[in-house]
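J.: After the sequence you'll find the predicted model.
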Amino acid sequence: MKTVVFRIKGGKNYGWGHVVRMTVLADFIRNKFNNTKINFVVEGSKGVIEYIRQRGFGVYEIPFDLNSSKEEPWWPFEESVSLIIIDLVRVTDSMAKFLKSKCAKLVIFGDIRTRYPFADILVYPQVLEPHRNEEKIDQIVLKGPEYFILDKEYLFFHKKHKRILPQAKSLLICLGGSTHMRDYSKLAQALLPIEWMFETIDFIIGFEIDIGLEAHLHRSLPKANFIKSESGLSRRLYESDIAIIAGGFIKYELAAVGTPGIIVSIVDHQHELSVMFSAKKAAEYIGLLSELTAEQIRRSVTELSSNSSLRTEMSFAGKRLVDCLALERLTPLLIN
């Protein structure tokens, strides 16, 4: 029996992208390889822990914001495992070295290209610079959106025709799990004067949002539907005419279903990734949300809503960029 361990982190103030990506991968591995035992070692909120357990995986909790140099005392497995997959924003050499000593194969997913000499396989799905995959004697490096993991439901909508209206009538907003009240409030302030333009406004706020913030948003943007669950997100993205999204993983989900979008970065490391993504013409990146004015956001939304030619270009570019087949490409390399 092969034993696979995922080392991840996620929650209210950190985001859910890495959690969702790895549970999708874990579920695919479980379904494709019956003789596989899968566990998660998690720095996470109660919501994250419950989310993983509900999917039938073993979960070992370790302290949140654990200093990576102190990984060893908290590691729950005495014996070596077949495969460890790390998906964290930051991985130190000391962490990678320790975890490599605990497995036959170490895989690291990274957002920005960083060298990890102890990994057997490095995966950089968001690196969009011209590239070829690299294979050295002791390490495989995989780059590009062809390795961006998406749930199978995205492939269904990817194959469907995306209708582009002359004037956008539906707007979706999703800023991820690491957003604060000031960010939500700025968007509500920007959209209130133009909410009449849209027949529907769906605001994905996640189920870990504070009750006080939710009530504030209801007052600030009365026309919007505030949605706490992210289940069915692929359908919501597909059915929206345009979207305002954070610079995290969701930009690839939006591209996969062919919906035009406006990207705002929430944290600094999203800036470089969003600039690279915007260069592929699948969405428009307008900057760091904390530095944008309500007027700048409002102008971008108004212009994209009325420009059907630009939205058509974005839709085709997005589907060219993301084909939703990463799981089929990656899994044979991970499990062999």
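T.: Great, that's in hand.
J.: Low-confidence stretches in the stretch 101-250 of the chain?
T.: Flagging of the stretch 101-250 of the chain using pLDDT under 70 yields the residue ranges 113, 129-137, 177-181, 206-214, 229-230.
J.: What residues does the residue nearest the centre of the chain make contact with?
T.: With distances taken as Cα atoms, centre = their mean, the chain has Phe249 as the residue nearest its mean C-alpha position (2.5 Å). Going by Cβ atoms under 8 Å, 6 or more residues apart in numbering, Phe249 touches 17, 20-21, 148. Quick note: C-beta positions are derived from backbone N, CA and C, even for glycine.
J.: min pLDDT across the residues you listed, which one?
T.: Minimum pLDDT for the contacts of Phe249 is recorded at Gly17 (84).
J.: How about it, nearest residue that isn't a chain neighbour?
T.: Phe249 (3.9 Å; Cβ to Cβ, 6 or more residues apart in numbering).
J.: Report the residue ranges of every domain in the chain.
T.: 2-143, 153-321 (automatic domain parsing).
J.: Indicate which one of the ones you listed is closest to Glu328.
T.: For the domains of the chain, distance to Glu328 was read as Cβ to Cβ. The smallest value, 8.8 Å, belongs to domain 2-143.
J.: Could you verify my assumption that Ile164 touches Glu313?
T.: No: Ile164 is beyond contact range of Glu313, at 9.6 Å (criterion: Cβ atoms under 8 Å).
J.: Look at the two and report which has more neighbours.
T.: The neighbour count for Ile164 versus Glu313, taken as other Cβ atoms under 10 Å, is higher for Ile164 (20 against 15).
J.: For that one, give me phi and psi.
T.: Dihedral pair for Ile164: phi -110, psi 120, per degrees, to the nearest 10.
J.: So what would you say the end-to-end distance of stretch 128-143 is?
T.: Terminal residues of stretch 128-143 lie 8 Å apart, using Cα to Cα, to the nearest Å.
J.: show me what contacts the closest residue in space to Lys32 that isn't next to it in sequence?
T.: Excluding the flanking residues, the one nearest Lys32 by Cβ to Cβ, 6+ apart is Thr331, at 6.2 Å. Each residue near Thr331 by Cβ under 8 Å, 6+ apart is listed here: 25, 28-29, 32.
J.: swap in Ala190?
T.: 294-295, 297-298, 301.
J.: mind checking which of the domains of the chain is nearest Asn336?
T.: Closest among the domains of the chain, using Cβ to Cβ: domain 2-143, at 8.8 Å.
J.: now that closest one: how far from the chain's centre is it?
T.: Chain-centre distance of domain 2-143: 15 Å, with Cα atoms, centre = their mean, to the nearest Å.
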